[in-house]
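> quick one, fold the following:
(one chain, ligands or ions: 5)
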Amino acid sequence: MILRRKILWTVIAAIVCTLAFLPGVVRAQWALPGTLPPDEFGNILINRSSELSGVKPVAFSHYTHRQKFTCRVCHFELEFDMQVNATTITEAGNKQGRHCGSAQCHDGKAAFGHAEPHCAKCHNGDIGYGKDAYGKMKKFPRTKYGNEIDWSRAIEKGVITPVNYLTLKPPTDVAVIKPILLEAEWNMIPAAIFSHKKHAAWLDCNNCHPDIFNIKKKTTKHFAMARILKREFCGICHLTVAFPMNDCKRCHPDHPKVQE
Ligand code: HEC
Ligand code: HEC
Ligand code: HEC
Ligand code: HEC
Ligand code: HEC
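Ligands and ions are numbered 1, 2, ... in the order given. Model (predicted):
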């Protein structure tokens with residue numbers, strides 16, 4: 001019995017060591033995407049129709065917007081796609097109160113609207129637009145990757161209290177789902193951990209189910225790092241907006257436990 005336990009701990013230690021040096025190996029094998037400066041991470045230029053219509057591309061910064069609104073508001077209620085240039089956004093629509101121009105957004109009351117002299121606040125073609133706002137976020141809890149801001153802690157500690165809905169209130173009677181351990185099929189890799197509670201602070205069930213993940217544990221097929229790095233599964237968010245894939249231990253903690 002004692003011997004077995006000893007073997008178990010040796011195995012665990014081996015796993016931990018593997019994960020500690022893996023990033024280097026993995027970088028060669030999986031080609032992690034390059035890192036962006038923290039004040040550009042999550043910034044995008046929307047240019048589906050802009051330049052074709054003679055105006056500059058629209059700069060959009062996630063770190064400025066997510067302080068005030070959760071992902072759910074834009075990516076569920078307002079139906080923005082989680083892929084740049086995939087949504088048909090038009091200026092006529094904006095002016096009629098859709099997309100950017102929705103009530104409580106850029107409607108000319110809650111925030112600047114769709115009239116001169118404001119056009120260039122959006123149509124400026126500058127991927128770094130928003131840096132002044134980033135400079136004001138010094139007191140936010142920090143991490144090492146992405147925006148270098150720990151957004152989970154920021155919301156938990158009440159540093160920010162983003163609005164979670166405009167008109168479509170999320171249900172409050174959803175059963176609490178225990179954190180799920182996603183075990184890799186090969187190697188002695190510590191499982192990745194997925195917490196519904198932490199994601200529900202930002203997202204709607206519809207953001208993930210049924211399109212990205214099956215709603216039954218252990219049924220999502222071909223769920224592996226190579227696919228995640230190609231913008232599938234966790235990679236839909238954790239490459240461009242949520243903390244990036246370089247942060248191995250945040251998903252594969254050394255001693256994954258189903259807690260809380
Ligand atoms: C104020 C609205 C707003 C909020 C809040 C918001 N987004 Fe976005 N997001 C957008 C828009 C607009 C686009 C571009 C859509 C398009 O061009 O079709 C976008 C694009 C994206 C993309 C694609 C990025 C790329 O490089 O292709 C991802 C991923 C994404 N959002 C995830 C999130 C996550 C995760 C959150 C919450 C932490 C979030 N968004 C919060 C408006 C928002
Ligand atoms: C709050 C941000 C915002 C403001 C302010 C804004 N726009 Fe836009 N506009 C957009 C977005 C987003 C698109 C979609 C861009 C794309 O897909 O390339 C767009 C699209 C356009 C297009 C492309 C063709 C069309 O009709 O949809 C034109 C032209 C345009 N805007 C002109 C203007 C002008 C002129 C102003 C000022 C009077 C203005 N916009 C203000 C966000 C904004
Ligand atoms: C956003 C969360 C997340 C991050 C960050 C992350 N992983 Fe993973 N990883 C996963 C998930 C989910 C799986 C698949 C688990 C399964 O098979 O069910 C996985 C699987 C793996 C596997 C098993 C083999 C495979 O390809 O599926 C290895 C090895 C691995 N990760 C290493 C790493 C390393 C090294 C890093 C940092 C460079 C990292 N992971 C970062 C979520 C993540
Ligand atoms: C950020 C993505 C994401 C969001 C948002 C999300 N889920 Fe999930 N859900 C997952 C993943 C990943 C799994 C595991 C899938 C697998 O193992 O194949 C899962 C599994 C489940 C399961 C099965 C759990 C089990 O133990 O068998 C249920 C039930 C579920 N989700 C319900 C919900 C509900 C209800 C909501 C909204 C409150 C929600 N999910 C929001 C990603 C998400
Ligand atoms: C639809 C977008 C989306 C998907 C898909 C998604 N996440 Fe997340 N995740 C987020 C956001 C937003 C946060 C908040 C932190 C941030 O933005 O950096 C987060 C936070 C986390 C955290 C940190 C929790 C904490 O307390 O620090 C972990 C771990 C995590 N995600 C793992 C995963 C894994 C594993 C998967 C795939 C099974 C996954 N996520 C899929 C958006 C997503």
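
> please make it C-alpha for all contacts and neighbour counts, starting now.
Will do.

> who's in contact with residue 211?
Residue 211 makes contact with no residue, according to Cα atoms under 8 Å, 6 or more residues apart in numbering.

> quick one: it and ligand 1, what's the gap?
Residue 211 is 14 Å from ligand 1, where distance means Cα to the nearest ligand atom, to the nearest Å.

> with residue 103 instead?
12 Å.

> for that residue, which non-adjacent residue is closest in space?
Among residues not flanking residue 103 along the chain, residue 97 sits closest, at 6.3 Å (Cα to Cα, 6 or more residues apart in numbering).

> that neighbour: which element?
Under the criterion DSSP states H and E, no helix or strand holds residue 97.

> who in the protein is up against ligand 1?
44, 46, 62, 65-66, 69-71, 74, 80-87, 202, 236-237, 240-242 (Cα under 6 Å from any ligand atom).

> still on that earlier bit, and the residue nearest to residue 103, how far is that from ligand 2?
Residue 97 is 11 Å from ligand 2, where distance means Cα to the nearest ligand atom.

> roughly how far does that residue sit from ligand 1?
14 Å.

> what's around that residue, how many residues?
Counted with other Cα atoms under 10 Å, residues neighbouring residue 97 total 17.

> how near is it to ligand 5?
For residue 97, the distance to ligand 5 - Cα to the nearest ligand atom - is 25 Å.

> my guess is that residue meets residue 108, correct?
No. Using Cα atoms under 8 Å, residue 97 is not in contact with residue 108, being 10.3 Å away.

> tell me the residues that contact both of the two, please.
Joint contacts of residue 97 and residue 108 (Cα under 8 Å, 6+ apart) do not exist.

> let me see the ranges of the strands in the stretch 51-200 of the chain.
Using DSSP state E, counting those that start in this stretch, the strands of the stretch 51-200 of the chain run over 58-61, 180-182, 192-194.

> show me what the last one is in contact with.
When contacts are taken as Cα under 8 Å, 6+ apart, the neighbours of strand 192-194 outside the stretch itself are 179-184, 251-253, 256.

> show the buried residues in those.
179-183, 251-252 (16 or more other Cα atoms under 10 Å).

> output these as a markdown table; include the columns pLDDT.
A markdown table is the format used below for the buried ones among the contacts of strand 192-194 (pLDDT from 0 to 100):
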| residue | pLDDT |
| --- | --- |
| 179 | 91 |
| 180 | 89 |
| 181 | 87 |
| 182 | 87 |
| 183 | 82 |
| 251 | 93 |
| 252 | 90 |
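
> residue 204 is in contact with residue 169, isn't it?
No. Counting by Cα under 8 Å, residue 169 is not a contact partner of residue 204; they are 10.3 Å apart.

> higher neighbour count, these two?
The residue with more neighbours, out of residue 204 and residue 169, is residue 204; 20 against 10, by other Cα under 10 Å.

> and the gap between that one and residue 49?
In this view, residue 204 and residue 49 are 29 Å apart by Cα to Cα, to the nearest Å.

> is stretch 51-65 positioned near ligand 2?
Yes. Applying Cα under 6 Å from any ligand atom, one finds stretch 51-65 touching ligand 2 at 53, 55, 57-58.

> buried ones among those residues?
With burial judged by 16+ other Cα under 10 Å, the buried subset of these is 57-58.

> closest to residue 101 out of the buried ones among the contacts of strand 192-194?
residue 251 (36.1 Å; Cα to Cα).

> so what's the closest one up against?
Shown in contact with residue 251 (Cα under 8 Å, 6+ apart): 192-194.

> of the residues you listed, list those near ligand 5.
192-194.

> how close does the spatially closest residue to residue 244 that is not a sequence neighbour sit to ligand 5?
Distance criterion Cα to Cα, 6+ apart; nearest residue to residue 244, sequence neighbours excluded, is residue 238 at 4.8 Å. Noted for residue 238: a distance of 6 Å to ligand 5, by Cα to the nearest ligand atom.
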